[in-house]
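> return a 3D structure for these sequence lines:
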Amino acid sequence: MERKLYLTDAELTASRGNIPALNGLRAISILIVTISHMGLQQQIPGWFGVNVFFFLSGFLISRLLIAEREKFQSINIRLFYLRRFFRLFPALLCLLLCCIVISLAQGVHIKYYAVISVIFYFANYVRIFAPDALQQLHLLHTWSLSIEEHFYFIYPLLLTFCFSRRLSVIPFIFLGIVLAFVFRMIDHFWFPSFATVYVYNASETRMDFLLFGALAAFICHGSHARTFLRIVSDVRVFGAAIVLLISTFMIKSPIFRDVFRFTLQNVALLVVVPSLVFGEKYLIFKRILNHPVMDWIGRISYSLYLFQVPVFEVIDDWALTWPLASPFNVLAGYGLGFGLSFAAAAISYYFVEGPVLVWRRRLQRGVVEGVA
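Prediction:
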């Protein structure tokens with residue numbers, strides 16, 4: 001049976017089914033992040049891969065919550081939090097235990113507030129004010145998980161509030177987007193020496209990526225979905241969005257980097273992602289995104305994100321002791337690290353996340369509440 005490449009116009013309405021191309025987009029994002037961490041941070045924009053993850057998370061979670069509300073006329077907040085816990089925490093706990101063992105073996109004095117910050121998802125603020133505490137544990141990259149969890153905590157409450165009062169969610173999403181931009185502006189002009197670090201890591205300055213993803217989900221679910229999709233899928237609009245994305249990598253001014261870059265990337269993703277998920281245009285891209293290899297990488301992308309940083313850092317330290325010329329050490333080290341990152345991710349996905357997935361499925365409303 002041929003793999004489904006896109007959702008049709010009849011499938012614009014939010015549902016709990018599989019979304020074609022989504023795992024492919026995740027795969028590209030995690031590959032950007034992983035390759036960037038192979039000593040190529042100056043050449044490969046790993047931060048952009050994280051930005052795409054944020055957007056996709058907001059898009060997917062919104063479609064799932066909209067579909068739940070459409071079917072049950074409400075959102076079960078308790079089950080939502082439990083599903084997120086079973087999806088995200090087991091692999092994170094496995095990573096945390098591995099990093100503690102590695103750090104102790106390396107003779108590192110562990111600052112336990114860093115461990116607590118990872119467990120309770122405020123590592124992004126520890127990274128701002130005490131980055132060395134996370135760096136010693138090889139957990140500096142867990143900042144992005146904190147931002148997503150803050151969104152997951154607040155967002156369903158907002159939807160429940162709006163749905164119960166028959167209010168439109170979109171004005172609140174726009175308000176959040178505007179506030180994120182304003183916070184970035186304030187940080188840039190009031191704290192110029194500190195702005196870049198704070199803007200990059202803080203939840204209130206990065207939340208708009210998830211909110212733009214949510215906005216895409218609500219627009220595609222609404223009465224003007226087909227008109228919106230026709231506009232964003234137009235070759236001229238799609239091409240302009242790609243050019244806009246490329247320009248955000250090229251402009252280096254501090255105010256653009258701190259304030260405008262993320263907003264412009266969000267606008268571009270608001271065009272690109274729906275165009276690649278819905279409709280029959282751009283099939284060459286959709287075939288690539290839906291290739292079985294891309295789909296598999298997308299499915300293990302969360303575990304790969306978790307484990308690739310500590311693997312690279314440990315291998316990097318180890319490679320320096322190899323009896324080879326330094327350039328060969330680096331190349332061999334990163335090559336080995338790339339392979340071991342995928343191996344660690346696969347082990348986590350199949351042996352940690354997989355068994356827990358059984359419990360998570362039991363938390364779907366149709367199962368728990370006896371609804372088919």
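> would you map the helices across the stretch 51-200 of the chain?
Secondary structure of the stretch 51-200 of the chain (DSSP state H, counting those that start in this stretch): helices at 77-105, 112-119, 123-129, 131-135, 143-164, 170-190, 195-201.
> any idea of the mean pLDDT in the first one?
Regarding helix 77-105, the rounded mean pLDDT is 94.
> hang on, the earlier thing: wait, which of the helices of the stretch 51-200 of the chain is closest to residue 56?
helix 143-164 (10.6 Å; Cβ to Cβ). Yep, even glycine has a C-beta here, placed from its N, CA and C like the rest.
> my guess is residue 147 meets residue 204, correct?
No - at 9.5 Å, residue 147 does not count as touching residue 204 under the criterion of Cβ atoms under 8 Å.
> out of these two, which sits in the busier spot?
When residue 147 and residue 204 are compared for neighbours, residue 147 comes out ahead with 24 against 17, by other Cβ atoms under 10 Å.
> find the nearest non-adjacent residue to the residue nearest the centre of the chain, please.
Nearest to the mean C-alpha position of the chain, by Cα atoms, centre = their mean, lies residue 53 at 2.5 Å. With sequence-adjacent residues excluded and distances taken as Cβ to Cβ, 6 or more residues apart in numbering, residue 53 is closest to residue 29, at 5.2 Å.
> show me what contacts that neighbour?
Counting by Cβ atoms under 8 Å, 6 or more residues apart in numbering, residue 29 makes contact with 49-50, 52-53, 56, 301.
> quick one: the strands in this structure?
Using DSSP state E, no strands are found in the chain.
> that older thread, mind putting the helices of the stretch 51-200 of the chain into TSV with distance to residue 295?
Below are those laid out as TSV (distance: least, Cβ to Cβ, whole Å):
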stretch	distance to residue 295
helix 77-105	18
helix 112-119	29
helix 123-129	29
helix 131-135	32
helix 143-164	22
helix 170-190	29
helix 195-201	30
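> do you know which of those helices lies nearest residue 36?
Taking the helices of the stretch 51-200 of the chain one by one with Cβ to Cβ, helix 143-164 is closest: 13.3 Å.
> so where's the stretch 201-350 of the chain shaky on pLDDT?
319-330 (pLDDT under 70).
> can you map out the helices along it?
Using DSSP H, counting those that start in this stretch, helices in the stretch 201-350 of the chain cover 203-221, 225-232, 235-250, 254-255, 261-277, 283-289, 292-299, 301-319, 326-348.
> just want the angle from the fifth one to helix 170-190.
Calculated by axes from the mean of the first three to the mean of the last three Cα atoms, to 10 degrees, helix 261-277 forms an angle of 150 degrees with helix 170-190.
> over to the longest one?
Orientation check (the same axes, to 10 degrees): helix 326-348 against helix 170-190 gives 150 degrees.
> in helix 326-348, what's buried?
Residues of helix 326-348 classed as buried: 329-330, 333-334, 337-338, 340-342, 344-345, 348 (neighbour count, 16 or more other Cβ atoms under 10 Å).
> now do the contacts for residue 48.
Listed by Cβ under 8 Å, 6+ apart, the contact set of residue 48 reads 32, 249, 265.
> can I get the residues you listed in TSV with distance to residue 139 and neighbour count?
Output for those, formatted as TSV (distance: Cβ to Cβ, whole Å; neighbours: other Cβ atoms under 10 Å):
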residue	distance to residue 139	neighbour count
32	20	20
249	27	11
265	26	24
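> quick check, nearest of those to residue 124?
Closest to residue 124, out of all of these and judged by Cβ to Cβ, is residue 265, at 18.8 Å.
> distance check, the closest one against residue 247.
Distance of residue 265 to residue 247, given as Cβ to Cβ, to the nearest Å: 10 Å.
> ok so, going back, from the contacts of residue 29, keep the buried residues only.
So, by 16+ other Cβ under 10 Å, the buried ones in those are 49-50, 52-53, 56, 301.
> ok, now which ones touch the residue nearest to residue 31 when sequence neighbours are not counted?
Leaving aside its sequence neighbours, residue 31 sits nearest to residue 297 (Cβ to Cβ, 6+ apart; 7.0 Å). Residue 297 sits next to 23, 26-27, 30-31, 304 when contact means Cβ under 8 Å, 6+ apart.
> same check, this time on residue 257
Residue 257 neighbours (Cβ under 8 Å, 6+ apart): 196, 251.
> separation between it and residue 184?
Taken as Cβ to Cβ, the span from residue 257 to residue 184 is 10 Å.
> which residue is the nearest non-sequential neighbour of residue 147?
In space, residue 147 comes closest to residue 203 once its chain neighbours are excluded; the distance is 4.9 Å by Cβ to Cβ, 6+ apart.
> cool, and residue 151?
Residue 151's closest residue in space is residue 210 (Cβ to Cβ, 6+ apart), at 4.6 Å.
> many thanks, I have nothing further to ask.
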